[in-house]
Every structure is written in structure tokens, then in C-alpha cells.
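Chemist: quick one, structure for this:
(2 chains)
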Amino acid sequence: MRQLQASDSIAMNATAIKVRGLSKSFGPVNAVVNLDLQVPRSTIYGFLGPNGSGKSTTIRMLCGLIIPTAGEIEVLGYAIPEQAEELRRKVGYMTQKFSLYEDLTAQQNLDFIAGIYNLSRSHKKRRIHEVTERFGLAHFLSQLTGSLSGGQKQRLALAAATLHEPELLFLDEPTSAVDPENRRAFWETLFDLVSEGTTILVSTHYMDEAERCHELAILDQGILVAQGSPEQLTRDIAAQVLLVIADQPRRVSKVLEAASFVHSTAQIGNSLRVLVDKHLAEPEKAVNQLIANAGFNPVQCRLSSASLEDVFVAATQARKLARNKRP
Amino acid sequence: MKALQRIFAIFLKELRQLRRDRLTFGMIVVLPVVQLLLFGYAINNDPRHIQAAVADLSATAASRQYVMDLSQSQVIDIIAQADSAEELEDMMRKGQISVGIFVPEDFERRLQQPDRAAVQMLLDGSDTVVQGAISRLGQSSRLSPYYDQPGKVEMRTFYNPERRSAVNTVPGLIGIILTMTMTLFTAVAIVRERERGNLELLITTPVGIPELMLAKILPYILIGLLQVSLVLLLGHWLFQVPLRGSLWDVYQVSLLFIIANLAMGLMISTIARNQFQAMQLTMFILLPSILLSGFMFPFAGMPKLAQWIAEILPMTHFMRLIRGVVLRGADLSDLTREMLILGGFIVLAMSFAILRFKKRLD
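Modeler: Below you'll find the model as predicted:
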């Protein structure tokens, strides 16, 4: 009966998560500030941000593990934290720190999770078989979990989080202990899950992962600084991107950063990636002028298309500039 | 000199870390103070105010004078009057008194006959310290100031006439072992999951808090019962500790006590933040359980404050129960009060643990 009601409300509603004015303070520290979110169903929604930007805190609030200081949360039609218990069966949560039992075997961990979620004997057998196939667990099922590699642990954790076929999956920095190859494979399985109708909310600080998300929220010090699909974000970036090739990139970058229209510089090999004001006319000229004035040789300088990292830097930098330049 | 600097760096780091760990910091002060007080007050091998009852069948001026002399020694407190020796024995089996003074009808006549005992003292031998104190009292008491003859007091020791200390130590040892292992196991069990991060996963599942608590203590109940059996068997084989009551009663009493300790462990686990703190708190419970429960020193000899503290500890009530059943052959119906107190403790401790444990992280 309860299940019927829940699925009804979801059918009417294509939004998996709705958040309005969400805030959380730990004493004097504002971990999350006035956050608004809409996560559509059957998509991968990414939280991109550095450590301490409020990603984990937000995910924990969405799960009902932390009580917000202010704001409203609705997850799969349930008001959180009031109806957190009803939500539990419909969500899977993969914690940032590996949280299965290291002194049990992989199989024993899966058995345990199946028991906690009340899977019947036959259902449990079928599901464990399915996740074993999907995540390639077969060759280490009988191994002690503590002795598994980072990638194996992560696959097992995802298998455990999806064992009860949740509609919504929270993944808190799932790939932090995983090599690039395993990360690719991991993301392929995420898209498999999405194609079956699962909604996934994933937090990361890797740009290549963020690029794969359907939609992104960029968080900085608890504040939502940009939101949209990766394409939208790189198109609507609040800066122009210049590629500057210089003989003495370290010293040139010092000169550039002192200028008020330069948001930031980043060195990549011998070249510099420079973000300048969006409204600056003829940015190549302005940059060359600056460098000549400082007594350096003329440099090669051309406009480039923005990457997600540029978006991230521009979005977080804009706030810093606004703060610093305020009298 | 460089070594000195490095030593100082580590020294400073240790102090700074210690300051952050408030509970440990508190223990540094609290533990020695509590230990000193416990030992200072509890150690009393010359107990006073041992509970006694009198059956004075002669009811003469001389007999009343004799009983008054005894109670003025302050070694015993006369808390009840009885009509017969049987009634005295009954009160002793129930643990109400440790000494029974029986004055026969022909008390005055017996006083004239130096070869016959004029008074009989019944005493509970399950505590050897109490036994010793009463023996000394019996020997030193002048039977009568009115007669020249010294008169004779007959001592009848019940339950442990040979004064073997193993007999009263082994049943109590069950209590100490259970307090130590049961409390520590559960205290650490939940704290460990929190430390390793397992709890964050667990609380996002549909597991209810009472379910979690119950499931956590169930395996340890079995382990506890196993420990009880082991100590009883070894005590019986190696030290010939008798089992005067029924084995079934021993297990009922032990089960109650095991659950009480597990509940206390759960309570600790909701307070302690890491395994080390959980161990410290367990020690904090264990110490008074050993010293104040009557296991090491007679309960009667302790000052009132120590007795009040002791009444809070499950161990004190278990001591009375297990000694009653194993040594005195008491029936559980004789000891309902202690059973009820243990039951009440379980309810309180479990409620505390369940209410304090939140399915949250903040």
C-alpha cells in the first residue's frame, strides 16, 4: 500500500530531489548556505567542489542523517528528515569512507545487507547473482573484504548499495581510491543503472567525472556557485579563456595576476591558461600590453574554448574577487 | 641537543592530544580519587553493623542483658526478633541476616553448668570476614556479669563451616568476570562500528534502533552463559564449591545479570566516542563492582555512602543472588527483591541507550 502511494507520487513528478533554501551550520561554520536544487529523475546529477565545500553535508542531509539548520527537502516525494525512515528502502547510499565490514568476506557482506533490507531467500539469491555479474565480483566473493584492492572495494560497495534496487543512489566521492581504468568502468555501470531508471547523485572533485554528469551543481564553501549541464556551463562561463605561451611563465603569471581584469592563471607545461573579464574587449591585446609593460618578450596569445575546470575556477574565483574587491 | 628537541616535540604533541580527549583527561583526575575513596572506605576487615536477629526463648533479665551487651559492641545490629531457631535459619537463607542469636529457655540454668553451652550463635559462613568477626565476638562476650562462671557460647556456622575462601570467592567471581567481559564487549561493539564508519551505512538502512540494540547483545548472552558454566564447573572440580540451590536458578539469575551488564555496555557505547574511552568507562564501572559489591569486602562493614553507591551497581545484587542460590541454597522466591532490582536496571539502561542512540550523525 505504502509502495503504491510512493510510486504514484513519483509518476506525477519527474523530479527526484527538490531542495529549497537548505542551510546547515556547525557552530560558527556555515557548511551549506541557502541551497536550491532540482534533480530530475533517471539522470546522473553531480556535485562538484573542493573538500569542505559542503558536498558530503548536503548528501547526508538528503539522507536524513543530519538535521538541516533551515530549508525544505523533498526526496522521492518524502519530506526529509521527517519521513527519512520511509525513504530508507528506496535509496542506496555509498559512503565516502568504505563502510562495509572488513572482517567479513565479500559474500558475507552482501548476505548481511540483503538481510537488513529483508530480501526473501530467492530474491536475495537472484540479486546477489545479478550484482556479482554486473560488477565483476565473482573472483573475490570469498575473500576477506579488508584484503581487497581499492577498485574491488568500491565495486563491492556499489553492489551493496544497489542490492535492494533503490530508485535513488547517493554516491559520496565514490572513486577517490580508484585508478583511472577502474573509474571508467565504474562510470559505465552508472550509466547502465540510469538507463534502468535509477537516479544518481554523485559528488566528486574530478573534472573528468563531472563532465560525464547530465547535470552539475558547483559548490564552493557551502554556496551553489553554478548549476547546469556541462555544455551549458562551459558555454555560459563568466570569463574569457586565453592560452598564453611564454618563455618565463612563472614570472609572467605573477604580472598577469596583479591586473584587475585577470581572474586567475594556471600553468600547464610552458603555457598559461588565463581567465579574464567576460566584458573585456580585445583581451589578447590587453594581455600582450601588460606583458610588454612589465619588460618581457612578446608572447603568443589566443582565445580558447572553456573547459569545465575553467568554469569551476571562474565560478569560485568570481566570489573571491567580489569579496576582496568589496571596500 | 637535537634529540632533546625531538623529544620535546613529541612530548608537547602528546599533551596537546590529551587535552582534546576530554574523557581521558577527566579520568586522569577522577580515577585516582575514586580509587582512593573506594579502597579507603571499603577495605574493612573488621566489619561493624552486621545484621542479626535474636530468638530469646528464656526472656529473663540475664538473657536481655546478654543480648544488649552483644549489640553494644556495635559488631552486630539486631534488626529482628524471632521465635525459634528455625526462623533464624530461614531469615539467614533469605539473606536478611548474617547472624542469629539463639537463647534457649533454660538459659539461666545452663549458665550454671560450665560443660553446656548457654547460647547458640548461628552464622552465615558465606563471607569469611563476617564469620571471623562474629567468632571473635562470641569468644570475647562475657556471658554474664552476674555469675562467676564464664559460660559457653556454641557457634554453628552454616554454609561454609571449614572457612574455605574459595567457596565464597568462586560464585562472586562469576559476577566479576561477567561484568568485565559483557560490559566491555557491547561497549566496544557499537563504538567500533562508529569508528570504522560501518554505522554510517547501517543507519541509512531500514534497521530500527531497538532491533540493532537487541541483535547486538544476543550473541553475547550466549557467550555469558558459557562463561558461567565454565566457572561453575571449574569451581566445582578444582575447589569443591558446592551448589546447594538449583542449577536452573543459577542460570536464571546469571541470565538476568548478563543482560544487565550488556545493557550497561550499550549505555557506555552511546557515551564513548572511541574504543579507548569505552574501555576506560568499563574500568570505571568494574572497579566499584569489585570493591563495593560485597565481593571483596563485606557489605555490612562499609559506610552508608559506599553502600548507596553499591546499591546502584548490578554486581551488588548479583552477589546477593548468586551467594544465596549457590551457597545457602536459597530459593528464588526468597530473593525476589534483588531480581526485581536487576530487572529494573535492565529496563532503565536499555531505555537510556535506545533514547540516546540516534539514527543520525550530528
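Chemist: which bits of the stretch 101-250 of chain B sit near chain A?
Modeler: Neighbours of chain A within the stretch 101-250 of chain B, by Cβ under 8 Å from any Cβ of the partner chain: B:196-207. From N, CA and C alone the C-beta is placed, and that goes for glycine too.
Chemist: of the residues you listed, grab the buried ones for PyMOL.
Modeler: With 16 or more other Cβ atoms under 10 Å in any protein chain shown as the criterion, this PyMOL line picks the buried residues out of those:
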select buried, chain B and resi 196+198+199+200+201+202+203+204+205+207
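Chemist: select, from the residues of the stretch 101-250 of chain B next to chain A, the two members most distant in space.
Modeler: B:R196 and B:P206 (21.1 Å; Cβ to Cβ).
Chemist: for the one helix or strand in chain B whose mean pLDDT sits lowest, buried residues please.
Modeler: Least confident helix or strand, chain B: helix B:22-42 with a mean of 76, by mean pLDDT, DSSP states H and E. Neighbour counts over helix B:22-42 (16+ other Cβ under 10 Å) mark B:23, B:27, B:34, B:38, B:41-42 as buried.
Chemist: and which of those is nearest chain A?
Modeler: Checking the buried residues of helix B:22-42 against chain A by Cβ to the nearest Cβ gives B:L23 as the nearest, at 20.2 Å.
Chemist: next up, the contacts around the closest one.
Modeler: The neighbours of B:L23, taking Cβ atoms under 8 Å, 6 or more residues apart in numbering or on different chains as the test, are B:272-273, B:277, B:280-281.
Chemist: of those residues, keep whichever come out buried.
Modeler: B:272, B:277, B:280-281.
Chemist: and chain A, which of those residues contact it?
Modeler: Of the buried ones among the contacts of B:L23, not one also sits near chain A (Cβ under 8 Å from any Cβ).
Chemist: among the residues you listed, which ones are in helices?
Modeler: Judged by DSSP state H, helices contain the following of the buried ones among the contacts of B:L23: B:277, B:280-281.
Chemist: checking the closest residue to B:F39 other than its chain neighbours next. Helix, strand or coil?
Modeler: Excluding its sequence neighbours, the residue lying closest to B:F39 (Cβ to Cβ, 6 or more residues apart in numbering or on different chains) is B:L291, at 6.7 Å. At B:L291, secondary structure determined by DSSP: H, G, I helix; E, B strand; the rest coil is helix.
Chemist: pLDDT score for B:L291?
Modeler: For B:L291, the pLDDT comes out at 86.
Chemist: CA atoms only: put the helix or strand A:Q108 falls within into CSV for me.
Modeler: Element membership for A:Q108 (DSSP states H and E) is helix A:106-116. Extracted as CSV, the C-alpha positions of helix A:106-116 are listed here (Å, rounded to 0.1, in the frame of the first residue of the first chain):
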residue,chain,number,x,y,z
ALA,A,106,32.5,-10.0,0.2
GLN,A,107,29.8,-12.6,0.1
GLN,A,108,29.1,-12.3,3.8
ASN,A,109,28.8,-8.6,3.5
LEU,A,110,26.2,-8.9,0.7
ASP,A,111,24.3,-11.5,2.7
PHE,A,112,24.2,-9.1,5.6
ILE,A,113,22.9,-6.2,3.5
ALA,A,114,20.3,-8.5,1.9
GLY,A,115,19.1,-9.5,5.4
ILE,A,116,18.9,-5.9,6.6
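Chemist: helices or strands next to that helix in the packing?
Modeler: helix A:121-135, helix A:150-162 (3 or more Cβ pairs under 8 Å, 6 or more residues apart in numbering or on different chains; DSSP states H and E).
Chemist: strands of the stretch 1-150 of chain B, residue ranges please.
Modeler: B:50-56, B:76-81, B:99-103, B:119-124 (DSSP state E, counting those that start in this stretch).
Chemist: with mean neighbour count as extra columns, can I get those strands in a markdown table?
Modeler: Putting these into a markdown table (neighbours: other Cβ atoms under 10 Å in any protein chain shown) gives the following:
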| stretch | mean neighbour count |
| --- | --- |
| strand B:50-56 | 23 |
| strand B:76-81 | 16 |
| strand B:99-103 | 25 |
| strand B:119-124 | 24 |
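Chemist: comparing the ones you listed, which yields the minimum mean pLDDT?
Modeler: strand B:119-124 (a mean of 87).
Chemist: check which helices and strands that strand is in contact with.
Modeler: helix B:85-93, strand B:99-103, helix B:128-140, strand B:153-158.
Chemist: go again using 10 Å as the cut-off
Modeler: Packing partners of strand B:119-124 (3 or more Cβ pairs under 10 Å, 6 or more residues apart in numbering or on different chains; DSSP states H and E): strand B:50-56, helix B:61-72, helix B:85-93, strand B:99-103, helix B:107-111, helix B:128-140, strand B:153-158.
Chemist: show me what the nearest residue in space to B:L88 that is not next to it in sequence is bridged to.
Modeler: What sits nearest to B:L88 in space, not counting adjacent residues and going by Cβ to Cβ, 6+ apart, is B:G100, at 3.2 Å. Residues in a beta bridge with B:G100, per DSSP bridges, are B:A53, B:L122.
Chemist: burial count for the nearest residue to A:P230 once chain neighbours are set aside?
Modeler: Once flanking residues are discounted, A:P230 sits nearest to A:E211: 5.1 Å by Cβ to Cβ, 6+ apart. Close neighbours of A:E211, defined as other Cβ atoms under 10 Å in any protein chain shown, add up to 17.
Chemist: name the element A:E211 belongs to?
Modeler: For A:E211, the element it lies in under DSSP H and E is helix A:207-212.
Chemist: likewise for A:L272?
Modeler: Going by DSSP H and E, A:L272 is in strand A:271-276.
Chemist: which strands or helices does that strand pack on?
Modeler: Checking 3+ Cβ pairs under 10 Å, 6+ apart, strand A:271-276 ends up next to strand A:240-245, helix A:249-257, strand A:262-268, helix A:283-293, strand A:300-304, helix A:308-325.
Chemist: helix A:249-257 and that one, what's the angle between them?
Modeler: 10 degrees (axes from the mean of the first three to the mean of the last three Cα atoms, to 10 degrees).
Chemist: domain assignment for chain A?
Modeler: A:2-228, A:236-325 (automatic domain parsing).
Chemist: pick out the shakiest of the ones you listed, pLDDT-wise.
Modeler: domain A:236-325 (a mean of 84).
Chemist: now it, how far from the chain's geometric center?
Modeler: A distance of 26 Å separates the centroid of the chain from that of domain A:236-325, by Cα atoms, centre = their mean, to the nearest Å.
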